[in-house]
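Asks: Predicted model follows, preceded by the sequence.
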Amino acid sequence: MWLIEKGVEEAVQSIRKTYPEDTFYAFVLSTYGDRSSVSLHANSYENLERVYTASNIVTDPGKIEARFKELQNIFGDDKKKLAKMKRSKAQELAYYKWGWMEWLDYEFIAEQATLEETWQWLDDLRQAFSGGEDKFSEEYFDAVWEYVPLCMIEAMKNCEAKGVFGRGAERANLLLYTGEYDGGEDDDILTSAKQLNPPEVFAKYESEIRAMFE
């Protein structure tokens, strides 16, 4: 679906122009379980600090280590419980870093007029399959369930090939992936990230993405 590719390219250009001082580390293309829309999200390290602050997430390594020492005094030699607490903290940090739905106003950061045209196309398709009725038919889901995510992946790949997300050091510190708001499989994010990024970039962030789902 060429509209998705065009929409992503325009949105990224808009983001770069509007936030020239931000250091972006993630671009995400998402949809919903009913495949009713496609949207682009982006986050920067500058905004991530605001996200952590707004959610009262402790990120200072010294404070985190001090907290673990307190817990060690409480739990003693219960290594399993301490390990669980550490995994929980890693999960918390990863969720707010990579979960686009937590990125405050950066969740919908850019002008997405072209991507919004896909919403109308999908709605027209939904009504066509339901005989003009305002409902989701099995025929509609058969047509778009796998098609839309595949289009999203291809759009991101094509934009990558054109250098839309940057090159060199800028691209080496940026993760691309796709996801679904309401449901989907945890592996979908990992699978898309592996498909859309150079191996060394995926390897750099893989453990953090996996931590979200532990």
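Replies: Right, received. Where do you want to start?
Asks: now residue 103: how far from residue 206?
Replies: Plainly put, residue 103 is 20 Å away from residue 206 if you go by CB to CB, to the nearest Å. C-beta: built from backbone N, CA, C; applies to glycine.
Asks: what about the two, which has more around it?
Replies: residue 103 (23 against 16; other CB atoms under 10 Å).
Asks: And what about the closest residue to that one other than its chain neighbours, helix, strand or coil?
Replies: Of all residues not flanking residue 103 in the chain, residue 43 sits nearest, at 4.9 Å (CB to CB, 6 or more residues apart in numbering). Here residue 43 is recorded as strand under DSSP: H, G, I helix; E, B strand; the rest coil.
Asks: Now do residue 67, the pLDDT please.
Replies: Per-residue pLDDT puts residue 67 at 59.
Asks: Sorry, wrong one. I was asking about residue 186.
Replies: 63.
Asks: How about residue 201?
Replies: 97.
Asks: Same check on the one 3 residues further on?
Replies: At residue 204, the predicted lDDT confidence score is 95.
Asks: Confirm for me that residue 160 is in contact with residue 176.
Replies: Yes: between residue 160 and residue 176 there is a contact under CB atoms under 8 Å: 6.8 Å.
Asks: what residues are shared contacts of the two?
Replies: Taking CB atoms under 8 Å, 6 or more residues apart in numbering as the contact rule, residue 160 and residue 176 both touch residue 196.
Asks: buried ones in stretch 10-24?
Replies: 10, 11, 12, 14, 15, 16, 19, 22, 24 (16 or more other CB atoms under 10 Å).
Asks: which one of those is nearest residue 93?
Replies: residue 24 (18.3 Å; CB to CB).
Asks: Residue 122 sits in which helix or strand?
Replies: Applying DSSP states H and E as the criterion places residue 122 in helix 113-129.
Asks: cool, residue 187 as well?
Replies: Going by DSSP H and E, residue 187 is part of helix 186-196.
Asks: can you check residue 13 too?
Replies: helix 2-18.
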